Each structure stands twice: as structure tokens, then as C-alpha cells.
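One predicted model, sequence on top.
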Amino acid sequence: MMVRRYCASLCHVVLLLLFLTSAEICSAVSAAVDEDDDFVHQMLTMRRAFIDRLPPNVLAYFKSSEHAFASGNEVVIINSLNDLEARIGSPGTSPQDRIGYLRVLALYQPGHLHTLLRLGDSLTAINPSEAMHYYEKSFDSAIVGEGKTVVEQYPHIAFVVANLLGRYFMNEQNNQKGIKYAKMAFEISKQGIIPPTMGGNEGDTCSLLTLATSMDTFPASLEAADASIRTMNYYADIYLNHRETTVFDDQLTTQTLPVSMSDPYIHCALTLFPLSFYYREDVAAIASQHYNIVTRAWPKLKEYVAPHILEMNRGDGSCHEDSPDDEPKRINLAVVSGALSSGHSVSEDFGGVLSRLSRELFKVTYVFVHEGVDLPIDPIFEVQTKENGGDDEIIHLYMNDEIDTGNGAWPVRLAEEMGKLRFDIALFLDLTMSRVTRRMAMSRFAPVQLNTHGHPITSGIRTVQYYVSWAEAELPVHQAQAHYSEKLLLIPQGKMHQYYQRRIIDESVSRLSGGSIEGYTLESFGLPSSYTGAVYLNMQKPFKIHPEFDELLCGILNLDTTGIAVLHKADTMDTHQIFLDRLESAKCPLSRVYFVEAQPHHSLIALYKLCTIVLDSYPAGGCTTSGEVLEVGKAIVTLPARLLGGRWTVAYYNIMELDHGIQRKLVASSTAEYIEYAVQLGTNSTLLREVETEIALKFPNLLSREDAVDEWQKLLLQTHRDALLT
């Protein structure tokens, strides 16, 4: 038998695959070995062909035996293929060694379906990316042979594996592959291989939910983004309007798809988070559609109503002793979030206001919802607990793995716990970020439930009555209301929405990380140390930068032919390559585009100071980042979009009361103006100094604004009074 590939365990201190490509091995071995050679001779041939390229620590193992590869810390002699298979099946073989032997077998017989499936199964929990590599091969007829794919041989297994592949690639922001395998799982499941309660011949409900809630988190183009929404809406229509089986069978699904056991909701229904970057879509309709889908799948999510709300509705009493004509006293306020840890952008945005609300009017309880079972309790921003003379409370909520697993509606348990505390108002800070708090809000554990801009997008949840936003960062209310399923409440124009506190203390130290922002150069970030031209910076996470931004960035570099752009590097190689391909398609001079890894807070601030101009991303712009940039006196060029998340920077400029002429050089009304303004500032040092001087002078207008506290109090009091009157 001819050897086509060979490798020992990647877990151990050995062999060739770590250093050679499969193509190189195939070429050399195919030329040197004929079908009559035995396994030992084939190994020797490969050793002779490549031994000079092996590093010394691997070479030492080969010197100890002519027929060996290393397993753990010992040298193991393999005499034949049968010997290898026997070792794989031996009860005495450790799981790690078995994986190593299977890897060798998979390379020796790359089209062996059973080996590919066994490797995928063995590696899923240890090395998911490698596991998916082997699972993918099992679907490829070019590898396993015509008529021999896992779909044709074992459709039950193919359904499970395709579902797993789809979910894995969506997590990795590879939407194209994710959709491919989710569709495959859905179609395979229609072959009569699943029970009726899972969807039967209509197709697997879990796979359909995935397709009906999937948005491309890193689209390769505007066309790909639009296609992603069309695909999602197509499957959402099937689920909501053309299907008999809609209620999700948690028990059977978790038995069939064990990977969904922990939380079938999270495995099957995807997050609404990416919606905040789809500025060309009807976001309120999509958010409401998402709510309708998940509450049809898990109807228990919307069934719970707290007893004190039912009492109010019956007129048997109220959650409050005051009558509607009395001044409210000690309103029981729950602040609910999955991001209350100190330094998080959500806690930074709201902590200043919440800690300054009148404790004569509000009894404040912070409800910190943790997304896992055993997560550590993160430090929370400063609150008025008994330890420092107040009576605020902090409640940490966790999943209970003994009673909550295998139940997509388990957060109802948390809502019921909250219902016992008889809250008057529940303020959700990040309903489209945390999938646990999102489900909690579908219950009613407070008469008034509000969403707000911890993540600036509507929730679509019917039990959330209000969305609190900022008039300075919204279009006129008659236009902005269309972007929300909730009733829109606004902090008025001319007022600040947050109690902003400096993030740089003692002029050079990050309040968040404690590090100094001094002593950095461009070279510190891998940038050309001798460069003297304009540095155009955008350090938003790459998933926030949709294809609309590409034209702006590339237009700037093509107009300023000596400028460089500095961007945040994507988390994975796949998404980084998508970003590069997009920029190339937009005719960016890639030789002048640099990518920087995520930085500690003090290093990031230092990078802001070193750049020439900060480019506000478009259409979703900066919020926390914009405040930080302005704090160190740097200019941001911005193009306000139609949704809240794309209008923060212009709102800051309005509150700062910048000179009108200066602001006109920073706030564009078109892509052409954005490019023009950025290059003007990047190439005209006199103009840039004038702008930066004005920003440094006016930035203090954003700081420590008591009007933010006053306006938040007014809105909270009004919603409470409205609830009593109704």
C-alpha cells in the first residue's frame, strides 16, 4: 500500500507534520515507495528524506531507533499497520496516545471514514479546530470516496456532526461555513431520522432556529451582509409561518445533540448582538422577530409575571405604599446586567449616574448576571453598600448546573427569584449583549422594565416597555422611534447622558489598568519608528467595522499618499484574511495598513496620543473610545449614521460646545467630506494644532455632569408614576 501522508501525534514531542506540509511528504514518499513496501520501510524512507530538516530535539528520538516515533517520553516501535490499529484499540492505551495513533492512521489512510469520525469525537473537547478539520473531511467525497461520505453512510451521525460544525464556525465568525453546515444539518434531518417533537420530516428545530437567527458577524462585503439578512429572514419565515412543530424539545434535543446540553438556547438560537452593526436594516422589526422566534420555541420564557404585579393589576394593592398623588419614596430599583465588572464599558457608562441617584428616592440593587456556572465574582464599580455607609445590595446570579442544564428557559428561575424581591423598576443595561439577561427580561418581575444603551440597539422584547436614550445622539424623536420596539425616552438635548469621570489620573496613569501612558513610541506598536507622515488610527474591534467603512479608510490613504492606517487586528486568521480581502477590494494600499493586537488600557491611550487623527468607525461609531480619545486632546473625524451607535461622537462635540468652525472640520455629512476632512487634518499641522487646542479646552464640559443624574432620576420617577396610574 502506498503511503500518501504521515505524521505522529501533535500532542507529543514528534514528527514531521509539525515541520512539513502534507504535499511535501506526499511528493517525496510517493516517488520513493511502491505498494509492496511494508509500513516500517515506508517510515524509514520518510526519515531518510527529511531527517536533515528536523530540529535537534526531534532528531534525538529518531537516532534511538530506525523504526520509531515518540509517544510521550518513550520511544515506541511500530512494526506494521495492524500493530498501529491494535494500539488504537488497546484498553491500555491512554486517551492522548490513542489520539496520536489516530492522527497517524488518518494521515496514512486519509479517506478512512471511521478514523475521521473517531478523531473528531476524540478532539472536540481538547482541540476543537482540529476536530472540525477531521469532521469536515468526512463530508468530502473527494477524500472518502464517492458514495462513502458520512451523509451517505451514517445520516444520523452526519446530522449531529453537521449541526456541530455549523455552530462552531458561526462562533468563529465564519458565517459562510456556519450557514453551509447548518443548512446541511437541517436538510439531513428531514430524512426521517429525528422524532416528530424535534421537527420530524419538517426538519430539526434546533438547526432551523440557528438559521432563523443567524447574522454574519464579519461580512466579506455589503452584498454578503445583505445576503445574510435575507437568508435569516427566509428561515425565520419558515419557522414562524410555515411549520407545525415550533416548540423546542429540550430533552430530546440535548440527548441527540449532546453539545447543546449545557444550554440549548445558546447552542440553537444565536445572539442578537450583531444587529447593532446592520445600519441599513429595519432593526426594530428584526429584534421583534428574534423575540417571536425564541418565545415560540421556549414559551415559558414569557409566561412568568411576578405576584406583586398581578396584585397591582387586580387592584389588591401595589408594590408601593404611596398613592399616585404622593411623591414617590424609596423606589425599589434593580439594575440588571452581565457586565457590571469594574472597568467594563457598560459599568463605566452607567456607574457614575447610578452611584449618585438619590438614596432617599431609590433603593438600588445591582443584579450581576454571570454567563457561566463557575465564573469568578468580578469587582464591581463603587456602590453604596453597608460596608461604606449605604444600603445598596449586590446580587450575583449564576447558572446552577444541577438544575438548569438542558433547559433553554432556565433564566425564568432567575426571574422568579427576582420577583420575590418586589422590584418597582428593572433597568437592563445590556439586553442585546447578555443572552441570560435577555431571557430574564422576557418575564415580568418588575412593573416597569427599561432597556438602555449599554449596547445601543433595541431589544424587541414585548415585556420591556421603554428604551432610555440620549437626544443629542438620536435623530428627531419622530424618526428615531422607528428604530425601537420600546417607547423611546430621551435624556434631553443640551444635557449629558452619563457622569463622565476621567480615565487618566495624575496626567499619565490609566485609572483602569494602573499603567503609565508615557514612554511609548510608534516602534512600541510595531510601526515604522522613523515615520513622519500622518497616522490615521481606528482601534475599534474588527467585528464593529462593517464594509461601509472600507471606502472611507481606503479613500483617505489614496488621497494622502504618504499616510498610514493603524487598525485593530482581528481575533482569528480567517477574519483577518476577510478584512484584508475587503480592503484590497476597496483598493487600499495594503503596504500602508498596519494591524495592532489588543492592548492594555494604558498602552491603548498611549497609541491614541501618538497618532495624528482618530477615525470614527462607520456606521457604528465609538462611544467609550471617543470619550477617551477626546480626553487626551486628539481629534476624531466622524460621519454620523442614522442609529444611536453611530452618533456618539457628534453628541460629545455638541455637549463640549466646540467652536462651530472647528466642529465643521470634524463632522462630515458624506463619505467624500469624511475623506476630505481627515486628510486636511492629517496633512495640515497648523490646522490640526488649532483643532486639538479647542478640544483640550472644551473637553472638561463633559466631566462630572450632575445634569445626567438629574435627568435619569426624572425619567425613572416618571416611569414609576405612570405604572401606578395605569
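That came in fine, so what should we check first?

Pretty sure Thr149 sits against Phe139.
Yes: using CB atoms under 8 Å, Thr149 is in contact with Phe139, at 5.5 Å. In short, each C-beta sits where N, CA and C put it, glycine included.

got any residues that touch both of the two?
Ala158 (CB atoms under 8 Å, 6 or more residues apart in numbering).

Next, the spatially most central residue of the chain: phi, psi?
Central residue of the chain (CA atoms, centre = their mean): Phe273, 7.2 Å from the mean position. Main-chain dihedrals, Phe273, degrees, to the nearest 10: phi -50, psi -50.

can you pull the contacts of it?
Thr217, Thr432, Met433, His455 are the contacts of Phe273 under CB under 8 Å, 6+ apart.

and Leu490, which of the three is it?
Of the three states, Leu490 takes strand according to DSSP: H, G, I helix; E, B strand; the rest coil.

ok, now how distant is the residue lying closest to it once chain neighbours are set aside from Ala641?
With CB to CB, 6 or more residues apart in numbering as the criterion, Leu490 has its nearest non-adjacent residue at 4.2 Å, and that residue is Ala471. Ala471 is 16 Å from Ala641, where distance means CB to CB, to the nearest Å.

Equivalent analysis for Tyr134, please.
From Tyr134 to Ala641 the distance is 43 Å (CB to CB).

who's in contact with Val353?
By CB under 8 Å, 6+ apart, the neighbours of Val353 are Gln498, Tyr499, Ala708, Val709, Trp712.

Closest one of these to Ser617?
Ser617 has its nearest neighbour among those in Gln498, at 20.1 Å by CB to CB.

Please identify the helix or strand for the closest one.
Counting by DSSP states H and E, no helix or strand carries Gln498.

Tell me, how many residues neighbour the residue nearest to Leu490?
Ala471 sits with 20 neighbouring residues when counted by other CB atoms under 10 Å.

and if you look at Lys495?
Neighbours of Lys495 using other CB under 10 Å come to 17.

The spatially closest residue to it that is not a sequence neighbour and Met539, how far apart?
Closest residue to Lys495 apart from its sequence neighbours, by CB to CB, 6+ apart: Asp707 at 4.6 Å. For Asp707, the distance to Met539 (CB to CB) stands at 30 Å.

Tell me which of those two has more neighbours.
Taking neighbours as other CB under 10 Å, Asp707 and Met539 compare with Met539 leading, 22 against 15.

Which SSE is immediately downstream of the particular helix or strand that has Ser122 in it?
Counting by DSSP H and E, the element that carries Ser122 is helix 113-123. Downstream of helix 113-123, the next assigned helix or strand under DSSP H and E is helix 128-137.

and the helix or strand harbouring Gln718, average pLDDT?
Using DSSP H and E, Gln718 sits within helix 706-725. For helix 706-725, the mean per-residue pLDDT is 96.

cool, and stretch 299-309?
On average, stretch 299-309 scores 97.

hmm, back to that, so the helix holding Ser122 versus helix 128-137, what angle?
160 degrees (axes from the mean of the first three to the mean of the last three CA atoms, to 10 degrees).

what does helix 113-123 rub up against?
95, 98-99, 102-103, 105-106, 109, 130-132, 134-135, 137-138, 144, 148-150, 153, 157, 161.

Mind exporting the C-alpha coordinates of that helix to PDB?
This file holds the C-alpha atoms of helix 113-123, laid out as PDB (Å, rounded to 0.1, in the frame of the first residue of the first chain):
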ATOM      1  CA  LEU A 113     -14.300   7.500   7.400                       C
ATOM      2  CA  HIS A 114     -14.300   5.700  10.800                       C
ATOM      3  CA  THR A 115     -10.900   7.200  11.600                       C
ATOM      4  CA  LEU A 116     -12.000  10.700  10.700                       C
ATOM      5  CA  LEU A 117     -15.100  10.500  12.800                       C
ATOM      6  CA  ARG A 118     -13.300   8.900  15.800                       C
ATOM      7  CA  LEU A 119     -10.600  11.700  15.600                       C
ATOM      8  CA  GLY A 120     -13.300  14.400  15.500                       C
ATOM      9  CA  ASP A 121     -15.100  12.900  18.500                       C
ATOM     10  CA  SER A 122     -11.800  12.500  20.500                       C
ATOM     11  CA  LEU A 123     -10.600  16.000  19.800                       C
END
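
buried stuff in that helix?
Leu113, Thr115, Leu116, Leu117, Arg118, Leu119, Gly120, Ser122, Leu123 (16 or more other CB atoms under 10 Å).

so how far is Ser90 from the first one?
As defined by CB to CB, Leu113 lies at a distance of 22 Å from Ser90.

can you pull the contacts of Val364?
So Val364 contacts Leu333, Val335, Leu354, Leu357, Val383, Gln384, Asp392, Glu393 (CB under 8 Å, 6+ apart).

out of the residues you listed, which are inside helices?
Judged by DSSP state H, helices contain the following of the contacts of Val364: Leu354.

Tell me which two of the contacts of Val364 sit farthest apart.
Among the contacts of Val364, Leu357 and Glu393 lie farthest apart (CB to CB), at 14.2 Å.
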